[in-house]
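A.B. asks: need coordinates for the following:
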Amino acid sequence: AMRLFSETAAGLLDDIANQAQDASAASPPPWPRPPLRTGRRPPALIGDLHRFKADYLKAMAHPVRIRALEILRQGEATVGDLGGHVGPEVGNLSQHLAVLRRAGIVDARKSGLSVLYSVRDPEVFAVLDALRVVFSHRVDSMQTVLAADEATGGSEGVPAGPDGAGRGGS
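C.D. replies: Residues are numbered from 1 along each chain as shown. I've put the predicted structure just below:
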């Protein structure tokens, strides 16, 4: 009798477990589950954005690359076209363009035997324009300091020469 009871109880438990599994698979619970609280910041999306910005700016962080981007503002260009504007001393222009391409800043497409480069997202020019404004503010600030220095006789902050007099004077 005990064995019969065990088998019947086991069968009932299996039926209940199967029904519960079918019900949970068919529909979510009627109440929303609270978010897990781990004590940490949201997923790494914020960190990913900072990393993206740093990598993007790092790829642009060379005068040759910035000059190439300024030239590409006018439209597509080949390495030869860019080299004519960037300067003959830049023998590794292709390597600079490869850095920009890996960072997703420029695209390259074949046209016959040539490779044409173009800027992927024109918003890159807004970044360059913003940096130009920052540079302009810096120059204006230095001009203000120089003008104030000249107004006071031009010797403020000028180290004394060997005879104790300031530079550039009589």
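
A.B. asks: can you classify A108 by secondary structure?
C.D. replies: Recorded secondary structure, A108: strand (DSSP: H, G, I helix; E, B strand; the rest coil).

A.B. asks: what is it paired to in the beta sheet?
C.D. replies: Residues in a beta bridge with A108, per DSSP bridges, are Y117.

A.B. asks: which residues touch I71?
C.D. replies: 77, 81-82, 85-86 (Cβ atoms under 8 Å, 6 or more residues apart in numbering). In this view, the C-beta of every residue, glycine as well, is placed from N, C-alpha and C.

A.B. asks: for V145, state which of these is nearest.
C.D. replies: The closest of the contacts of I71 to V145 turns out to be V86 (Cβ to Cβ; 32.7 Å).

A.B. asks: might you report the residue contacts of the closest one?
C.D. replies: 64, 67-68, 71, 93.

A.B. asks: check A108 too.
C.D. replies: 97, 101, 115-117.

A.B. asks: ok, now with 6 Å
C.D. replies: 101, 115, 117 (Cβ atoms under 6 Å, 6 or more residues apart in numbering).

A.B. asks: what about the last one, how many residues nearby?
C.D. replies: Meaning Y117. The local packing of Y117 (other Cβ atoms under 10 Å) involves 23 other residues.

A.B. asks: distance of it from T144?
C.D. replies: 40 Å (Cβ to Cβ, to the nearest Å).
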